[in-house]
Structures are given as structure tokens and as C-alpha cells.
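J.: Provided below are the primary sequence and the corresponding predicted coordinates.
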Amino acid sequence: MHNHDCIRFQNHLLDSQISCPIQSLQAGNDLRMKSFSNVIKLPITRGDDTSIPGTKNVIDACKICKVKRLIHTSSSGVVFDGVHGLFDVNESLPYPDKFPDAYAQTKAEAEKLVIKTNCINDLLTCCLRPGAIFGPGDKVIPFLDHHGWTHVTIGDGKNCDDFVYVENVVHGHLCADKTLATMEGAKTSGGKAYFITNMEPMNMWDFTYLVQQELGYKRIPKIRIPTVFIKPASYLIEWAYMFVFSNFGIRQPQMLTPARIKYITLNRTSSCNKAIEELGYKPIVTLKDGLKKAVKVYIEMRNKDFSKRE
């Protein structure tokens, strides 16, 4: 948005009047959009009700308000089928025929809508596909702290992931905006999708160790649970919560869904060379520095919460 201002309207994504907050921007500005994130497991209908119609409304509002550039925050999960691991993949990899959950499926459909919209009504679009985003105020660090998953390894413990610090994701959006603002950049990048990473792929379980250390815990041996045991157990647990426990208002543990097991036991890394070459993107915060910042903010918030309770 102009001068990097931020307007929040997440509660209005399904509202046909979403153009109202967007109209507060001057005509001709750009819009960077992120919606329906931090979802671990939702029914397909819930994701469809939010992500896809919401994206359509934003696109329509951009056309009405004559926004020049729309940069959509997609996800690296749009090319993940939950069966095959991904290692250093690039944008040539097609969408899978089947997705592991509603989040990936609806993100892919929303991404297609944004890409298809490029150059319609003079609106330039592109999509960014960040890896696992973390940063101050996220849900990853408190989840690991509260639930003790830093003490457990599910699967063989060898799978790698691309964690990306939130400032780098924002930087990627600014790079995309700057690129689309030029005639040559619009021709090169308009209607395209780009992976955005920290360029530091690492073992997912080592990342949990880093979180543990930053939180001040001692590094202890992890309990390893083989995939051959946890996968069937996750389906059994899902069935039990869906047909039995849900009747009593008890929600299923987020980590133990079949879809989540797929995410945390398979490789999921991608190359952002295309973003480097075409958008001029380069991470501005290292993974370790980003983790230190995120944990510091979390500890401060946790201490304030403890003080209020006392």
C-alpha cells in the first residue's frame, strides 16, 4: 500500500462491500493481500467459504477502486500433495491433483484467480509463495513452548523445511511491488508466482531445537515415533474426535491430524532463485537472527501475561 500503510479488513473478506476500506487508499496505489493463514486443519467447505470468495471480492474491489498492483500472499503448500516430499523445487512444478488439506487447496485456487486476473482492467498481479512463516506474535513458538513438541520427533527426523522470517516475506512483497511498477518488470513478473524463502533450508526438528534453546531450555534427547505407527493412529484419532468427542465440544489436537503428520514428516523445500533474478529479492534477516527476535517478543509477552495473572 502507499508508503507502506496498512489497512486491516480481515473480517470483511466475504463482504461485497470490501471496496469501502480499499477506497480509503488513493486510486492507483497497490495492494498487498494476505488472508486465511495460520490454519492447521479445516474442513474443505470452511476454507472454500473464506479464501476463494474472499479473494474474488478483493480482486473485484481492486478493479472498482482502480488499484494498479495486487500482490497476493500464497503459500509454498500449493504444490504439495501430502504424498511426495519436495526438495529444492521451483515454480515449474505444477499444482497437484489432490491436496492434503483445505488450506493448500483453497490457497491454490485463490492463487489461480489472482494470476488469471493479471492485466485485466489495468490491474497487475503476482503471487508470492512463502515457506513456513515465523516471527513476533506468531503461533509456532508458543505452540512448541506449551505443548512440549520439542521433545518429540515424528518419523525418521530427516525431513527439511523452509522457514522464512516474516520481515523477509514483507521484503519480498516490496520487491514485487517495485518490480511490477516498471514497464519491463510488469512484462516479466505480471501474472507469475514466486517462492520466497530465507535461503536457509534446514532440518525441521533442528529448528525446534533452536526454538528450545532460545527459550532457555536444555537440549534433551527426543522421543522418536515412527511414521508407520503415528499415521494410522492419526486417522483413528481424527475419527474419534469427529464422531465421538466433538459431541462433547472437545476439539482434536492440531498436531495429530493426518494432514499435519504429512506436513511434518516430508521434505518441503523450494528454490527462490526466480524471485532473486526477477524481483531482486534477497533475505534481509537471517534465520537465527529472526528466531532471536521472535522468541524475545514471545518471552516479553509471556512475562506480561504472567504479571497480569498475579
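T.: Nice, thanks for sending it over. Numbering: from 1, shown residues only.
J.: next up, the contacts around Asp289.
T.: Residues near Asp289 by C-beta atoms under 8 Å, 6 or more residues apart in numbering: Tyr165. Yep, even glycine has a C-beta here, placed from its N, CA and C like the rest.
J.: CA atoms of the one helix or strand it maps to as CSV?
T.: For Asp289, the host element (DSSP states H and E) is helix 287-309. The C-alpha trace of helix 287-309 is given here as CSV (Å, rounded to 0.1, in the frame of the first residue of the first chain):
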residue,chain,number,x,y,z
LEU,A,287,17.0,-17.4,10.3
LYS,A,288,18.9,-17.3,13.6
ASP,A,289,18.5,-13.5,14.0
GLY,A,290,14.8,-13.8,13.2
LEU,A,291,14.3,-16.5,15.7
LYS,A,292,16.1,-14.5,18.4
LYS,A,293,13.7,-11.6,17.7
ALA,A,294,10.6,-13.7,17.6
VAL,A,295,11.5,-15.6,20.8
LYS,A,296,12.4,-12.3,22.6
VAL,A,297,9.0,-10.8,21.8
TYR,A,298,7.2,-14.1,22.8
ILE,A,299,9.0,-14.2,26.2
GLU,A,300,8.2,-10.5,26.8
MET,A,301,4.5,-11.2,26.1
ARG,A,302,4.5,-14.3,28.2
ASN,A,303,6.0,-12.4,31.2
LYS,A,304,3.4,-9.7,30.8
ASP,A,305,0.7,-12.3,30.8
PHE,A,306,2.1,-13.9,34.0
SER,A,307,2.3,-10.4,35.6
LYS,A,308,-1.4,-9.8,34.9
ARG,A,309,-2.4,-13.1,36.4
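J.: can you list the buried residues in that helix?
T.: Neighbour-count burial for helix 287-309 flags 287, 290-291, 293-295, 298 (criterion: 16 or more other C-beta atoms under 10 Å).
J.: kindly report the same for stretch 196-209.
T.: For stretch 196-209, the neighbour count (16+ other C-beta under 10 Å) marks 196-199, 201, 204-205, 207-208 as buried.
J.: just flag the most distant two among the residues you listed.
T.: Within the buried residues of stretch 196-209, Ile196 and Trp205 form the most distant pair, 22.9 Å apart (C-beta to C-beta).
J.: and Gly137, helix, strand or coil?
T.: Secondary structure, DSSP: H, G, I helix; E, B strand; the rest coil: Gly137 is coil.
J.: ok so, going back, how far does the helix holding Asp289 sit from its chain's centre?
T.: Its chain's C-alpha centre and that of helix 287-309 lie 21 Å apart, by C-alpha atoms, centre = their mean, to the nearest Å.
J.: swap in stretch 110-121?
T.: That offset, for stretch 110-121, works out to 20 Å (C-alpha atoms, centre = their mean).
J.: average pLDDT for that stretch?
T.: Stretch 110-121 shows a mean pLDDT of 97.
J.: what's in contact with it?
T.: 51-52, 54-56, 59, 63, 66, 70, 72, 74, 78, 95, 123-127, 129, 190-193.
J.: from those residues, which ones fall inside strands?
T.: Among the contacts of stretch 110-121, the residues falling in strands (DSSP state E) are 70, 72, 124-127, 129, 193.
J.: Ile223: which of those is nearest?
T.: Arg129 (33.0 Å).
J.: I'm done for today, thanks for sticking with me.
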